[in-house]
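Asks: Structure for the following, please:
(chains A, B, C, D, E and F)
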6 protein chains.
Amino acid sequence: MLSARNQLPATVKSVKLGNVMAEVVMTVGDVELVAAITRGSAEAMNLKAGDVVNAVIKSTEVMIDKS
Amino acid sequence: MLSARNQLPATVKSVKLGNVMAEVVMTVGDVELVAAITRGSAEAMNLKAGDVVNAVIKSTEVMIDKS
Amino acid sequence: MLSARNQLPATVKSVKLGNVMAEVVMTVGDVELVAAITRGSAEAMNLKAGDVVNAVIKSTEVMIDKS
Amino acid sequence: MLSARNQLPATVKSVKLGNVMAEVVMTVGDVELVAAITRGSAEAMNLKAGDVVNAVIKSTEVMIDKS
Amino acid sequence: MLSARNQLPATVKSVKLGNVMAEVVMTVGDVELVAAITRGSAEAMNLKAGDVVNAVIKSTEVMIDKS
Amino acid sequence: MLSARNQLPATVKSVKLGNVMAEVVMTVGDVELVAAITRGSAEAMNLKAGDVVNAVIKSTEVMIDKS
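Replies: As a prediction, the model looks like this:
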């Protein structure tokens, strides 16, 4: 069990590889979620469109915007 | 416009105030999302159950878990 | 209102685009501040030198160094 | 030399200790900056109002808001 | 597989619960590592001294200090 | 003294420069640790294989995984 409490079921929409980083766009329900992870991780996980994954976020990294 | 690309429509479910921090549990669609923000922010925003907000997350803070 | 409490008035000095990330150098008063955001955000915001912005930082991400 | 590029000269304005965390309010020029660090760190550094410090922020943690 | 590349085998040395957060001190080899997670996570994982765990850190959160 | 409590003695194994970011692989005892910092920092610090450094991590960025 991982202490990061936010684990959102998601589907990978696209993976864009840079030299060092990779941008992974996912859908969570009908909302888009973007992750910036290292290229090394994206390749090690063989991430590709259509993959069913969890988007994982530590709660100290979540902000709230109230209009 | 804020550079943090992830802005998820959410509803506040509960707010727990500590001395320095506050834990805010939200629902995003049918998934729960937990934020740990400062008590000062929670009070300044007068956050309370039922508030309609956006959960905001910088993409460099999003990880991916692939089974 | 965003829970991230640190919102520093800044002026963009330079924007360097990588494949996935972008480095944005700003001045806050007479101090320089560097942000690493996604290229996607930098482009969506059409960030360029001279832009008047706010540098936004969640308080859990601020460290303190005391000599 | 620390890789975190943002090192802002600051003066401690107040220190609030919780059980686990501590909230430190600083002034950077004429702007306020809030840090949430562990109580252990605040005590180990004997942080108190009037201390001259550097606020240190990794560039991947800086967001930008453009109106 | 989690994209966070840093997974350090560790042993829990102590767990201190606050209202909202928890401080977990671990040993990694002969070095101490401190995590600040939510109390909710610490309790859900029933974390206690002696537990064998992994300390998990996203690479964008690791800084480098070179003398 | 820096408030980030985790300072792990490490040796640089490799440095990979991207346009904006840099990936630095280090060894901490017999474990590998990966940092994603800005290219600017890696160059300013003249980081190279064999350098003896400290890997620095704020405790709010450390997660725990318990099987």
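Asks: gap between A:Gly50 and chain D?
Replies: Separation of A:Gly50 from chain D (CB to the nearest CB, to the nearest Å) stands at 28 Å. Bear in mind the C-beta positions are built from the backbone N, C-alpha and C, glycine included.
Asks: Now that residue: closest residue in space, sequence neighbours ignored.
Replies: Closest residue to A:Gly50 apart from its sequence neighbours, by CB to CB, 6 or more residues apart in numbering or on different chains: A:Val12 at 6.4 Å.
Asks: List the contacts of the one you found.
Replies: Contacts for A:Val12 (CB atoms under 8 Å, 6 or more residues apart in numbering or on different chains) come out as A:24-26, A:47-53, B:64.
Asks: Highest neighbour count among the residues you listed?
Replies: A:Val24 (30 neighbours; other CB atoms under 10 Å in any protein chain shown).
Asks: ok, it - contacts?
Replies: A:Val24 neighbours (CB under 8 Å, 6+ apart): A:12, A:14-16, A:34-37, A:42, A:47, B:64.
Asks: one step back: next one: the residue nearest to A:Gly50, what pLDDT does it get?
Replies: For A:Val12, the pLDDT comes out at 98.
Asks: Kindly report the same for A:Arg5.
Replies: pLDDT, A:Arg5: 84.
Asks: How far does the host helix or strand of A:Val15 sit from its chain's centre?
Replies: Using DSSP states H and E, the element containing A:Val15 is strand A:6-17. Its chain's C-alpha centre and that of strand A:6-17 lie 4 Å apart, by CA atoms, centre = their mean, to the nearest Å.
Asks: can you dump the C-alpha coordinates of that strand into PDB?
Replies: Taking C-alpha atoms only, strand A:6-17 is exported to PDB below (Å, rounded to 0.1, in the frame of the first residue of the first chain):
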ATOM      1  CA  ASN A   6      -4.900   9.900  -4.500                       C
ATOM      2  CA  GLN A   7      -5.000   7.000  -7.000                       C
ATOM      3  CA  LEU A   8      -7.300   7.900  -9.900                       C
ATOM      4  CA  PRO A   9      -8.200   5.200 -12.400                       C
ATOM      5  CA  ALA A  10      -7.100   6.700 -15.800                       C
ATOM      6  CA  THR A  11      -6.500   5.800 -19.400                       C
ATOM      7  CA  VAL A  12      -3.400   7.000 -21.300                       C
ATOM      8  CA  LYS A  13      -4.300   9.200 -24.200                       C
ATOM      9  CA  SER A  14      -0.800  10.200 -25.400                       C
ATOM     10  CA  VAL A  15       2.800   9.900 -24.500                       C
ATOM     11  CA  LYS A  16       5.300  12.500 -25.700                       C
ATOM     12  CA  LEU A  17       9.000  11.700 -25.100                       C
END
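Asks: Just the buried positions in it, please.
Replies: Across strand A:6-17, burial judged by 16 or more other CB atoms under 10 Å in any protein chain shown covers A:6-8, A:10, A:12, A:15-16.
Asks: A:Lys58 contacts F:Met63, doesn't it?
Replies: Yes: here A:Lys58 lies in contact with F:Met63, judged by CB atoms under 8 Å, at a distance of 5.9 Å.
Asks: Neighbour count for these two, which is higher?
Replies: A:Lys58 (30 against 27).
Asks: Closest residue of chain A to chain C?
Replies: A:Gly18 (3.4 Å; CB to the nearest CB).
Asks: Just the pLDDT at that residue, thanks.
Replies: pLDDT recorded at A:Gly18 is 97.
Asks: cool, the one 4 residues further on as well?
Replies: As predicted, A:Ala22 sits at a pLDDT of 98.
Asks: In contact with the residue nearest to it when sequence neighbours are not counted, which residues?
Replies: Distances taken as CB to CB, 6+ apart place A:Ala42 nearest to A:Ala22, at 3.8 Å, with adjacent residues excluded. Applying CB under 8 Å, 6+ apart, we find A:Ala42 in contact with A:15, A:17, A:22, A:24, E:3.
Asks: Between all of these, which two are at the greatest distance?
Replies: A:Leu17 and E:Ser3 (13.4 Å; CB to CB).
Asks: Now do the phi/psi pair for A:Ala44.
Replies: Phi and psi for A:Ala44, reported as degrees, to the nearest 10, are phi -60, psi -30.
Asks: repeat for the one 5 residues further on
Replies: In this entry, A:Ala49 is assigned phi and psi values of phi -50, psi 140 (degrees, to the nearest 10).
Asks: Just to check, it is in contact with A:Lys16?
Replies: No: using CB under 8 Å, A:Ala49 is not in contact with A:Lys16, being 11.0 Å away.
Asks: Output the set of residues of chain A in proximity to chain C.
Replies: A:16-23, A:34, A:36, A:60-61, A:63-67 (CB under 8 Å from any CB of the partner chain).
Asks: Give me the subset of those lying in strands.
Replies: Among the residues of chain A next to chain C, the residues falling in strands (DSSP state E) are A:16-17, A:21-23, A:34, A:36, A:63-65.
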